[in-house]
Structures are given as structure tokens and as C-alpha cells.
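Colleague: Next one to model:
(2 chains)
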Amino acid sequence: MQALTIAAASVTGALGKPEQHDLLLVRELQTMSFVFHIPLVCFGIAFPALVLFVEGLWIRTGDALYKAMAKRWSKVMLILFAIGVVSGTILSFEMGLLWPNFMATFGDVFGLAFGIEGFSFFAEAIFIAMYVYGWERFSPRRHLLLGVPIVIAGVTGSLMVISVNGWMNHPAGFDVVGGRVANVDPLAALFNSHLWHELIHMYVAGYVVVGCVVGAVYARTWLRGNRDRYVRTGLIVAVTVAALAAPVQFVVGDWAGRTVADDQPIKLAAFEGVSDTTRGASLHLGGVYENGAVRGGIKLPKALSLLAQHDPDALVPGLRSVPAADRPPVNVVRFSFQAMVAIGTLLALLGIAYVVTWWRHRRLPRSRWFYRLLVASGPLSVVALLAGWTTTEVGRQPWIVYGFMRTSEGVTAASGIGFAFVVLLAVYLALSVAIVWLLRRLAHRAPQAEVREELRLRPA
Amino acid sequence: MSLADVSLVLIAAGMTAYIVLAGADFGGGFWDLTAGGAQRGRPARELVQRSMGPVWETNHIWLIFILVLTWTAFPVAFGSAMSTLYVAGFLAVAGIVLRGTAFALRGQAASLPEARLLGAVFALSSVLAPFCLGAAAGAIGSGRVPVGNAAGDPWGSWLNPTGVLVGILAVLAGAYLAAVYLAADAERAGLDELRRAFRTRALGAGLVAGAVAIAGLFVLRGDAPALFEGLTSGAGLVCIVLSAIAGVTTLSLVWRGRFAAARYVAAAAVASVTAGWALAQYPQLLPGLTVAQAAAPHSTLVALLISAALGVLTIAPAQLALYRMAISGELSKPIESS
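Modeller: Predicted structure coming up:
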């Protein structure tokens, strides 16, 4: 059995070796910030396209109902963007406040991506302001055009941020000479080989989450008996997006899984809890990893090998092929991975049920259970999203730059992390309350308030 | 001028833009705090709300621009500064978040007590954030941020005469700029009473800011002699003199009611102070670390500057268009039901 070596060439941190006793707390602080921010990113990626689609319907049909909906949604877009701006600021600060040695050592390698992301952010802010504040100022067509840069900036911005994450998982664009970073090639770092699958996986996830969350809101109204054209339109647009995106995520997820198998075999081993390198490795649904094996759960023979290499007898390297200090915590990664796949499967099935009903009967599903599941799909899709990020980020541990720098070396040496944790926890709770309060307030106003024209709310 | 110097100029330009644009948004919060009781202060508060609404996110992104440029072009300096100044940093970021949220919420507040609470959060955090950011700048300027991972004093590095001075100046500069902008907006909206009120406030804030700046030079002489030396000789002195001239000019423009011109001259005053600070320190970035030593490798700087140039070329026209529309009052309020 060949031993794997992850630590190719260890890098000495530019600020020396930090002493930090609360590393776990620092990581949890960072996690908290991402848990708050990433769902908002989905709305930055996918929601503008939905708003523009509905506005396009208005321009094509002249039906004021579509304008009322697009205008209402654009306000939601603005609120979520504003909150995303401030929570994104927290993240930018945390790069330096929590991980100064990581930044000091590698900032010049991957920083370019964030520079470009900054301009995307500018474009997003400028055009969202013009779009949302300009409903009555521009002609409908020009107004629609103002929305296009928002969609583009959503793509380029996430491309750049995910490029950095891809780089942390599969570093490129530098050499290590005498323990120091040298021969920096920022473009090679930017276009690292983990960028594309991560980007598309997240991009599709954005559409799934937005479709499910928006769909859940209208499904709840629907279950309460309000089934006018406005609710019906919102429901159809959102659920169609989620229903089309969710099955696609299966294909993208498979691609992501195989790339991880090739580039980060130890992370893949943690998806299941494979201790010893095995041919034809199996996969357990559920169960707990203990002392080198999975207990309980349903065993699917050879499933992991099939998943990883599309070959039931493929060799899957085990966790024990690297020293214990180089292994990620298995159960967190396992549970997250399984939660993501389980919810993803459920959402894909729900989407297929919706599409098939529409195809065969040209109508919405009638079962109340479909709508109850839709209501559940909102929070579930967010859980799947966060579980996916947990899988890749905790699966990367103990490395902050895979194979080159440990998380424990990138961290700050400052004390008092507990205090910062409590302060930010309070800030995030306040932010969450604020979002819910604002959106509820907006939802309580009749859509009629958005336009001067009478809305035709009865089904034709 | 080396690529590292060009990057430094870009960062200083970003700082100027942030102070002139977002600083004024913080200043809006300052005037909100001092606008008086709920009834009496309402027109002023509504003006603040209307003027800031469409632009504050864009203004704010300059801060992210500065952070990103710094960590890419001068990573060791960035890591050292952020880790030492983490208390100021966390407080500033908490202030920024609370302020943005309270601002977004306040427009929606239904009852007076709600609006009061949110207004108080908005106003207090509008003072906290620029103070902490200014004090952090003062910490770097007075050479209290050593190279290393959280190597400096987490409190004493910024809570000292220089830090407090720069923090207060940041709050006052924002208050002055905001009053000038708001007076101009009030004039355009035909709100004569508010125009006069903000003209008075602008003059008051401007005079206080000027007095603090002059007194501050004596503080610097005792507390940060190296910075004082740099600011009172050579190119640093030229910048300080230019800034003083611009400061007096902008005040006289406000006196004569020429608010639009006053805002550009005020921006010039801020730009020359920022440039003066950079020149006074040059070539030292942090103690024992020069700009050239701290700079990222050539390949990174080339890529960064090219992308920054392309970014500015694409973003600037849109940004100017947004400001033109916002200033001319063409953008309506969206989150209000008709």
C-alpha cells in the first residue's frame, strides 16, 4: 500500500508560527459568518435573473401583474443585497482579523481574484440602485437592460470568490523555495482546476435555493387558500426554476465528486469513512464512523468506488494512508455530505414530479402534500447548500491551503476570540431578525400597491 | 515610480473616495443623532434617508476595494495591521453592519418608538464606525503597528492621542461633508429651512474640524514625532498647506451658499491629507517595513494594476451616471408604498 503525501512542501508563514489556543472557536466564528452570508449569495446569483424574467413577461404581455411582481421582487433583491453588502464586509475584515498569516503568506497569490470581485461588487451595487430606484424613470426596455449587468456581475463575482476557494483546495500558481512562496503566477492561481466544478455546482445551487425559498413562500400562501393569479405566477416561476435546476445538480455533483476523488482522495475517504485503502469501497447511508469503521446505516456495496471513479472495483485510498494529523474530522464531513445528497435527491424528485405533472396534464400538482413539501423545500435547500459547503471546507481540514499550510498556521495569534464571537453572534441575530421583519412587512402589502394599473387577479 | 508605489497611490485614492463618499454617509448618521426630537428632527431625518438611499451601498464598497488592494499588493502589512488592530476592526465592522441594517429598517418603521430605536442605532453606529477606522489609521500612522501576527498592543495601538485624534477627525470630516451634501440636496428640493439648517451645521462642523486639525498638529508633535516631522517638511508640508487652503476655500464656498463647488473642494482637502499622510510615512509602511519590501511580486502587481485599470474604465461611467441621477433627484424611493 503506497502512502499518500499531502504535505508536498510546507510553507513557513510570513508572520511566523502563531500561538492560538482557540483555533476551533476561530473556525466556528468564520463558519457562523459563512452560514449567514452564503444563502444571500444565492440570491445575488440567481434572483436577478428571475426578476428580469418576470419583467420580460410584463414587457411582452403588457400585463401589469408581472410588473407588480417584478417590482416587488426587485425590492426584496435590494434588501438582500444591502444585507449581503454588510455581511460581505464582515467576511472581508475576517480574512485579516482571523487569518492574518494566511493572508500575509498567500495574499499576493490569490488576491487578484478578490480585486476583480470588488469591481463586480461595484457593478452590482450601481446597477441594483439604478434598477430598483429607476422603475418609473426609464422606458421598460431600458429598465430591463439595466438589470442585465446585475445578472452578469452575479456570475463574475461568484466566479472570483469561488476561484479562491478552488485554489485553497487545489493550490496552483506558485512554487515553494526554501519554505517561502516564490515564482507567483496570479493567473494560474485564478484559473485553478477546482474553479469550474465548484463554480457550476454553486451556480446551480443558487438557482435551486432561490427557486425553493421563493416557491416555499408562495406555496404557504397557496395552502392558506389564496390562489389568485399573483400567487400562482410567483409559484410557477420559482418552482419551475428549482425543478429544472435540481436534477442538473446531480450531474454537476457527480463531476465535483470525481474531481475530489482525483485531487483530494483523503477528503473523499472522509465522505464515507474509509480507513484502509480498498478496492470496490462501499457506501453507508446513515450510521456513525467510530474507530475506523462505519457502524449502523444501510450498506451499499461498491457504491463509493462507483461514485468516485464510475468503476465498481476502483481503488479508494483510505484515511490511514496519511498520518493522523493530516486527516479531516470524519463524522462532520460524512453527515454533511449525506445531508446534501439526501436533500438534493428529494428536491430533484420533487422537481421531476412537478415537471411530469405539467407535461402530462398542463396543470399544477393538486396534492396538498406537494405544497407541504414545497414549503419544507425552502429551509431544506438552504440546509443542503450549507451542508455542501461544510463537506468541502471541513473536508479540506487540517489545511487552509491544501498540502501547503495548516489552518493552525494561518490563524491569528490574538486573544479574546470569545468576545468577538459573542459580539458577532449578536450582530447576526439582529441581522436575521431585521431581514425577516423587513420582508414580512413588504409581503403584507398588497401587490396592487406597486403599480397604478388595476391588477387582474382572478384566473382567466 | 515603481509598481508598488502605483498600488499605494491607488489605495490612497480609494481611501479618499471612501472618506468623501461613505464618510458623508456616516456624517448623515451624525446629523441624525443631533437632529433633535422626533417631531422637530423629522424633516432632517427624511432628507438624510432620501439622499443616502440609492448610493450608500456603492459608497461602502470602496472600503472593500481598499482591503482587497491592500491584501493583494501588501500582504504582510495587511496581515500585521489587521491582526494587531482586531479590536478596532471588529468594532468598526459591527458598527458598519448595525448602521446599514438600521438604515434599511428605519425607512420601514411603522411606529414612532420603532423609528426612534432604529434611528438611535443608526446614529450611534454611524459615529462608532468612522471613529474606529480613523483610529486604526492613526495607529498605523504613529508607527504602533509592528510587523507580525497580532504583535502590537490590541488596545493601546489605537486608543492613544494620535488614534483618538484621527478618529475624531474622521467623524468630523464626515459630518462636515454630509452637511454640505445635504444642504445642496435641500436646496435642489426647494426645502429652504433645511438648506439653512445644514448650511449652519456645515459651517459649524467645518470650523470645529479645522480647529481640531490645527490642535492635532501639536498632539502629533508630542505623540507621533516621526509623522509630525513628515507632515511639516518637504512634500508632506506641501500637502498639508494645500489641504488648509482647500479647507478655508470650501468653508467660504459654504458661506456663500455654493454647495456643489464646496463638495469638490472638500474632496480635494481630504485627498491632500491622505496624500500627505502617505508621503509623510514614505517609504515606511510599518516600522521596519518599506513599501518596496512589503510589495507583492511583480507578476501580481502587474495583474492587479491591469485589472484595476480595466475595472475603473468599466465601472467609472456607471458610477458617475448613478451619482448624477442621485444628485439630480431623479431616482424615486422604491420601498415606499404609494
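
Colleague: and residue 82, how many neighbours?
Modeller: The chain I'm using is chain A. Neighbourhood size, A:A82 [other Cβ atoms under 10 Å in any protein chain shown]: 22. All C-beta atoms are positioned from the backbone trio N, CA, C, and that covers glycine.

Colleague: could you do chain B instead?
Modeller: With other Cβ under 10 Å as criterion, B:M82 counts 30.

Colleague: How about the contacts made by the closest residue to it other than its chain neighbours?
Modeller: Nearest non-adjacent residue to B:M82, counting by Cβ to Cβ, 6 or more residues apart in numbering or on different chains: A:G96, 2.8 Å away. By Cβ atoms under 8 Å, 6 or more residues apart in numbering or on different chains, the contact list for A:G96 reads A:103, B:67, B:71, B:78-79, B:81-83, B:89.

Colleague: so how far is B:V93 from A:G96?
Modeller: Distance, A:G96 to B:V93, by Cβ to Cβ, to the nearest Å: 11 Å.

Colleague: Next, whichever residue of the stretch 251-400 of chain A sits closest to chain B: secondary structure please.
Modeller: Minimum separation of the stretch 251-400 of chain A from chain B (Cβ to the nearest Cβ) falls at A:I400, amounting to 13.0 Å. Three-state call for A:I400 (DSSP: H, G, I helix; E, B strand; the rest coil): strand.

Colleague: I'd like the distance between it and A:P171.
Modeller: From A:I400 to A:P171 the distance is 10 Å (Cβ to Cβ).

Colleague: What's the mean pLDDT across stretch A:233-247?
Modeller: Looking at stretch A:233-247 alone, the average pLDDT works out to 95.

Colleague: Report the buried residues of it.
Modeller: For stretch A:233-247, the neighbour count (16 or more other Cβ atoms under 10 Å in any protein chain shown) marks A:233-235, A:237-247 as buried.

Colleague: then it to CSV, C-alphas only?
Modeller: Extracted C-alpha coordinates of stretch A:233-247, given in CSV (Å, rounded to 0.1, in the frame of the first residue of the first chain):
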residue,chain,number,x,y,z
THR,A,233,-47.5,33.2,-11.1
GLY,A,234,-44.9,33.6,-8.4
LEU,A,235,-45.2,29.9,-7.5
ILE,A,236,-44.9,28.7,-11.1
VAL,A,237,-41.8,30.9,-11.9
ALA,A,238,-40.0,29.9,-8.7
VAL,A,239,-40.8,26.2,-8.7
THR,A,240,-40.1,25.8,-12.4
VAL,A,241,-36.6,27.2,-11.8
ALA,A,242,-36.0,24.9,-8.9
ALA,A,243,-37.5,21.9,-10.7
LEU,A,244,-35.2,22.4,-13.7
ALA,A,245,-32.1,23.1,-11.7
ALA,A,246,-32.3,20.4,-9.1
PRO,A,247,-31.8,17.4,-11.4
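
Colleague: what distance separates it from the middle of the whole chain?
Modeller: Relative to the centre of its chain, stretch A:233-247 is centred 18 Å away, using Cα atoms, centre = their mean, to the nearest Å.

Colleague: and if you look at stretch B:17-26?
Modeller: 4 Å.

Colleague: does any part of it sit near chain A?
Modeller: No: looking at stretch B:17-26 against chain A by Cβ under 8 Å from any Cβ of the partner chain, there are no contacts, and the closest approach is 11.0 Å.

Colleague: Can you tell me what sits against that stretch?
Modeller: B:52, B:55-56, B:58-60, B:62-63, B:65-66, B:99, B:126-127, B:129-130, B:170-171, B:173-174, B:177-178, B:181, B:266-267, B:270-271, B:274.

Colleague: Mind checking what secondary structure A:F119 has?
Modeller: Strictly by three-state DSSP, A:F119 counts as helix.

Colleague: Around it, how many other residues sit close by?
Modeller: Using other Cβ under 10 Å: A:F119 sits among 23 other residues.

Colleague: got a list of what it touches?
Modeller: When contacts are counted by Cβ under 8 Å, 6+ apart, A:F119 touches B:307, B:311, B:314-315.

Colleague: Which of these sits closest to B:M1?
Modeller: The closest of those to B:M1 turns out to be B:S307 (Cβ to Cβ; 19.1 Å).

Colleague: isn't the closest one right next to A:E117, touching?
Modeller: No: under the criterion of Cβ atoms under 8 Å, B:S307 is not in contact with A:E117, lying 10.3 Å apart.

Colleague: For the two, indicate the residue with more neighbours.
Modeller: Ranked by neighbour count (other Cβ under 10 Å), B:S307 and A:E117 place A:E117 first, with 24 against 19.

Colleague: give the contact list for the more buried one.
Modeller: A:E117 neighbours (Cβ under 8 Å, 6+ apart): A:156-157, A:160-161, B:68.

Colleague: Excluding chain neighbours, give the residue nearest to it in space.
Modeller: In space, A:E117 is closest to A:M160, 3.7 Å off (Cβ to Cβ, 6+ apart).

Colleague: Report the distance from the helix or strand hosting that neighbour to the chain centre.
Modeller: A:M160 belongs to helix A:140-169 when assigned by DSSP states H and E. Taking Cα atoms, centre = their mean, one finds the center of helix A:140-169 at 14 Å from the center of the full chain.

Colleague: same thing with stretch A:164-173?
Modeller: Taking mean C-alpha positions (Cα atoms, centre = their mean), stretch A:164-173 and its chain are 17 Å apart.

Colleague: Helices of the stretch 51-200 of chain A, residue ranges please.
Modeller: A:64-98, A:100-133, A:140-169, A:186-190, A:195-223 (DSSP state H, counting those that start in this stretch).

Colleague: So which of those helices is nearest B:A202?
Modeller: helix A:100-133 (25.4 Å).

Colleague: tell me how far the closest one is from the chain's mean position?
Modeller: Distance, centroid of helix A:100-133 to centroid of chain: 17 Å (Cα atoms, centre = their mean).

Colleague: If you tally nearby residues, what's the number for the residue of the stretch 251-400 of chain A closest to chain B?
Modeller: Using other Cβ under 10 Å, A:I400 has 21 other residues around it.
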